[in-house]
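*Asks:* Would you be able to build a 3D model of this:
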Amino acid sequence: MSSRALRGLLAAAALALAALVGWYYLMGTPQYSLYRFAGAIHAHHEAAAERFVDVDRVAQAASDVIVAEHLRGNSKAAQALEALGLGAARSVAGQALKPLVAARVRGEIRKMAETGGRGPGLLVLPAGMVAAFRELAVERNAADAWVTHTDPRRGQTRFRMSQQPDRSWRITEFDADWVRRHLRDGSAG
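*Replies:* Numbers count the residues shown, from 1 in each chain. Sure, this is the predicted structure:
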């Protein structure tokens, strides 16, 4: 084998290795998981979309925000709970609310899958790999990331994602301000 052919073979192998390493990195990013989530929504595949949302963790975090918001706006309820020990009462109220919030989260995923992501919904994400990287602001920590997406019509959505053992990412919590905003919007309408 000539040295020219050997150099060409090594260059091709290096290029293939670089592409493989790049793809491996890409598959472990929050943006790639959100791209796959949006793809499942657009393909009307509810079960595939739900794999990218930890419904229990989202429901627990949202329930905690909802209970705290209710107590902040209802001084009589807050005083009654303080007499019982506010921390334990908040926890019990959050646990009682969690199944209702989880059903709402699953309902939103179902609605998004039915419409293919086109239509009114609480969460709208950009479709396409390039858009997922260009339009989403991601602040990564070791095992989680905060993702921010600004939609001109629906405003800003901010949520936390956690990396799974298989390197995919799942939505685990929505920003408390986002939950409060949608709680107010829902009670007004």
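*Asks:* May I ask which helix or strand encompasses residue 167?
*Replies:* Assigned by DSSP states H and E, residue 167 belongs to no helix or strand.
*Asks:* I'd like the distance between the nearest residue to it once chain neighbours are set aside and residue 173.
*Replies:* Excluding its sequence neighbours, the residue lying closest to residue 167 (C-beta to C-beta, 6 or more residues apart in numbering) is residue 28, at 4.2 Å. No exception for glycine: its C-beta is placed from N, CA and C like everyone else's. Using C-beta to C-beta, to the nearest Å, residue 28 is found at 20 Å from residue 173.
*Asks:* Please apply the same query to residue 19.
*Replies:* 34 Å.
*Asks:* of these two, who's got more company?
*Replies:* residue 173 (23 against 10; other C-beta atoms under 10 Å).
*Asks:* is the more buried one in a bridge, and if so with what?
*Replies:* residue 160 (DSSP bridges).
*Asks:* Contact partners for it?
*Replies:* Residues in contact with residue 173 (C-beta atoms under 8 Å, 6 or more residues apart in numbering) are 57-58, 61-62, 159-160.
*Asks:* Buried residues in stretch 47-67, which are they?
*Replies:* In terms of neighbour count (16 or more other C-beta atoms under 10 Å), stretch 47-67 has its buried residues at 49-50, 52-55, 57-67.
*Asks:* where along this protein do the helices fall?
*Replies:* Counting by DSSP state H, the chain has helices at residues 3-27, 30-42, 46-50, 55-73, 75-84, 86-115, 129-134, 176-188.
*Asks:* Most tightly packed of these?
*Replies:* Comparing those by mean neighbour count (mean count of other C-beta atoms under 10 Å), helix 30-42 ranks first with a mean of 22.
*Asks:* so what does it touch, helix or strand wise?
*Replies:* Identification of packing neighbours for helix 30-42 by 3 or more C-beta pairs under 8 Å, 6 or more residues apart in numbering; DSSP states H and E yields helix 46-50, helix 86-115, helix 129-134, strand 136-140, strand 144-151, strand 155-163, strand 169-174.
*Asks:* nearest to residue 3, of these?
*Replies:* helix 129-134 (38.9 Å; C-beta to C-beta).
*Asks:* Excluding chain neighbours, what is closest to the residue nearest the centre of the chain?
*Replies:* Residue closest to the average C-alpha location in the chain (C-alpha atoms, centre = their mean): residue 171, at 2.9 Å. Among residues not flanking residue 171 along the chain, residue 53 sits closest, at 4.7 Å (C-beta to C-beta, 6+ apart).
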